[in-house]
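>>> just the structure for this:
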Amino acid sequence: MTDLSAIKSAARKAAFARRKLAHETARPGAAGRLSEVLAGYRGVPLSGYMPIRSEIDPLPAMAEAAAHGPVCVPVIRAAGQPLVFSRWEPDCALKAGPFGAMIPQTEDLLDPEILIVPLVAFDGQGGRLGYGGGFYDRTLEILRAARPTLAIGFAYGAQQADHLPLEPTDQPLDMIVTEDRILTFNR
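Sure, this is the predicted structure:
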């Protein structure tokens, strides 16, 4: 394990503990600010995510967005590969995907222009610490090379860190939405 790997591992451990506590004490309506943001992008193809463990739940905002345009969720094909995205609707049939996230039973792929990105921790400059697989970093790099793509981190405010151990391959977020605020970064 490299020094950076050890530093990232320690940062993730601390962030998971903060996120777990925030999740256990969260009040209803945590996706309200996310719904506000997405209302400004009605009809634009959007990827959300199916929450696992103590992730903040974007499903209410995704359901509202689905009434106005296509919504999809990420599907992991294999380690080291970018994500693909399958169309999701609020009542669609789901099956278990890799790492415990649910995915649509029937695959209908599309390319989103907006990604709601789960995370373990974020900083005040749009940096994101994920789970360590690099799926979102690879995917955002490919999507952004093809066309403008908006990456919105969605997290509890308690997941903010003063400093994150980031690498040049880590893709920055354009915006971070928490249960009570919106941070926007000029890129």
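
>>> which parts of the chain are strands?
For the chain, the strands defined by DSSP state E cover 46-47, 71-75, 84-87, 94-96, 102-104, 114-117, 121-122, 128-129, 150-154, 175-177, 182-184.

>>> ok, the fifth one: who's next to it in the sheet?
Put plainly, it is strand 102-104. Partner strands and pairing direction for strand 102-104 (DSSP bridges) are strand 94-96 (antiparallel).

>>> for residue 147, give its distance to residue 86.
Residue 147 sits 20 Å away from residue 86, taking C-beta to C-beta, to the nearest Å as the criterion. In this view, the C-beta of every residue, glycine as well, is placed from N, C-alpha and C.

>>> more neighbours: those two, which one.
Neighbours around residue 147 and residue 86, counted as other C-beta atoms under 10 Å, are more numerous at residue 86. The numbers are 20 against 8.

>>> check contacts around the more buried one.
Going by C-beta atoms under 8 Å, 6 or more residues apart in numbering, residue 86 touches 72-73, 75, 103-104, 107-110.

>>> of those, which is the most crowded?
Within the contacts of residue 86, neighbour counts (other C-beta under 10 Å) peak at residue 72, which reaches 27 neighbours.

>>> thinking again about what came up before, which one of the contacts of residue 86 sits closest to residue 186?
Within those, proximity to residue 186 (C-beta to C-beta) peaks at residue 72, which comes in at 27.1 Å.

>>> hang on, that closest one packs against residue 115?
No: contact between residue 72 and residue 115 fails when scored by C-beta atoms under 8 Å: they sit 9.6 Å apart.
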